[in-house]
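> Give me a 3D structure for the following:
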Amino acid sequence: MLCWTAFLSSKQYSKITGVKITASTVFDQVELVCNAIYPVYQLLFNLAADGKHYYLDDTTNRILDAKSVIKKARNSEKVITRTGVYTSGVIATLADNRHIVLFETNIGHAGEFIDSILHKRSQSCTKPLIMSDALASNRPTVREAITSLCNSHARRQFVDVINHFPIEVEHVLKRYGEIWVNDDHTKEEKLTPTARLAYISNIRCPYGSHKIVGRNAFSQ
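Presented below is the predicted three-dimensional model:
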């Protein structure tokens, strides 16, 4: 869904420069380019399906003429009416460590987007590693995957309640800070993902749960 406001802005700019181009003309030209490069998008989509690692998230958005749709609930036979519009983004890391960035805006969550990608995944591929927040709607349903929850999202949940539990939250944030300190160290040393995991696994933490959090952060 292309933003019509952008085409109206182009119309006003062209008027200022003395070249009259209507918004509909700009739209037509953009549509021609989009149609021409759509096969490239399809190829990237298919390549992303065999990725070894995915970053996944979504955010609310608007489509002015969007109408409610009836969809089958995930992991259920129930049919529900959906109205929420989201832009879902996926960063897929391929076997050669190249990245493919894909996104879509529609009535659907990021979990549905990753499902559509994994649906094209080769049967010979091993389980991918998927990092997202802890929302159940982000979990894939069409293929098995290794889940790695995002520490940035988790930390944000503690920050949201700091006024209610200042002492407890400050303690948690201090512990969380050690994760990013260790992460910076591994980047400075240019460690491989395997070496990063080995490094964090050897760090002693007073609480077992903290070590689990560290492993999630470095299991990329």
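> Report the residue spans of this protein with pLDDT below the cut-off.
By pLDDT under 70, the weakly predicted segments of the chain are 1-5, 204-220.
> The same query, at a cut-off of 90, please.
For the chain, applying pLDDT under 90 flags the ranges 1-30, 62-66, 71-78, 135-139, 150-154, 175-180, 182-183, 192-194, 196-220.
> my guess is Tyr55 contacts His99, does it?
No: with contacts counted by CB atoms under 8 Å, Tyr55 stays clear of His99, the gap being 9.1 Å. The way it works is simple: take the backbone N, C-alpha and C, and place the C-beta from them, glycine included.
> Give me the more crowded residue out of the two.
Tyr55 (18 against 12; other CB atoms under 10 Å).
> Name the SS class of the more buried one, please.
strand (DSSP: H, G, I helix; E, B strand; the rest coil).
> coming back round to it: any residues in contact with both of Tyr55 and His99?
Common neighbours of Tyr55 and His99, using CB atoms under 8 Å, 6 or more residues apart in numbering, are Ile91.
> Now do the helices in the chain.
In the chain, the segments counted as helices under DSSP state H are 4-16, 23-48, 110-118, 151-159, 166-188, 193-201, 208-218.
> How far does the third one sit from its chain's centre?
Read it as helix 110-118. How far helix 110-118 lies from its chain's middle: 10 Å, per CA atoms, centre = their mean, to the nearest Å.
> what's in contact with that helix?
45, 48-49, 54, 56-58, 74, 86, 88-90, 92, 102, 104, 128, 130, 132, 135-143, 145.
> Neighbours of Glu77, how many?
6.
> Look up how far Leu43 lies from it.
Per CB to CB, to the nearest Å, Glu77 is found 34 Å from Leu43.
> Could you export stretch 29-47 as CSV, keeping only the C-alpha atoms?
The C-alpha coordinates for stretch 29-47 follow below in CSV (Å, rounded to 0.1, in the frame of the first residue of the first chain):
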residue,chain,number,x,y,z
GLN,A,29,5.2,5.8,-12.7
VAL,A,30,6.0,4.4,-9.2
GLU,A,31,3.6,1.5,-9.9
LEU,A,32,5.5,0.7,-13.1
VAL,A,33,8.8,0.5,-11.2
CYS,A,34,7.3,-1.6,-8.4
ASN,A,35,5.9,-4.1,-10.9
ALA,A,36,9.3,-4.3,-12.7
ILE,A,37,11.3,-5.1,-9.5
TYR,A,38,8.6,-7.4,-7.9
PRO,A,39,10.4,-10.5,-9.2
VAL,A,40,13.5,-9.4,-7.3
TYR,A,41,11.4,-9.2,-4.1
GLN,A,42,10.1,-12.7,-4.8
LEU,A,43,13.6,-14.0,-5.2
LEU,A,44,14.8,-12.4,-2.0
PHE,A,45,11.7,-13.8,-0.2
ASN,A,46,12.6,-17.3,-1.4
LEU,A,47,16.3,-16.9,-0.4
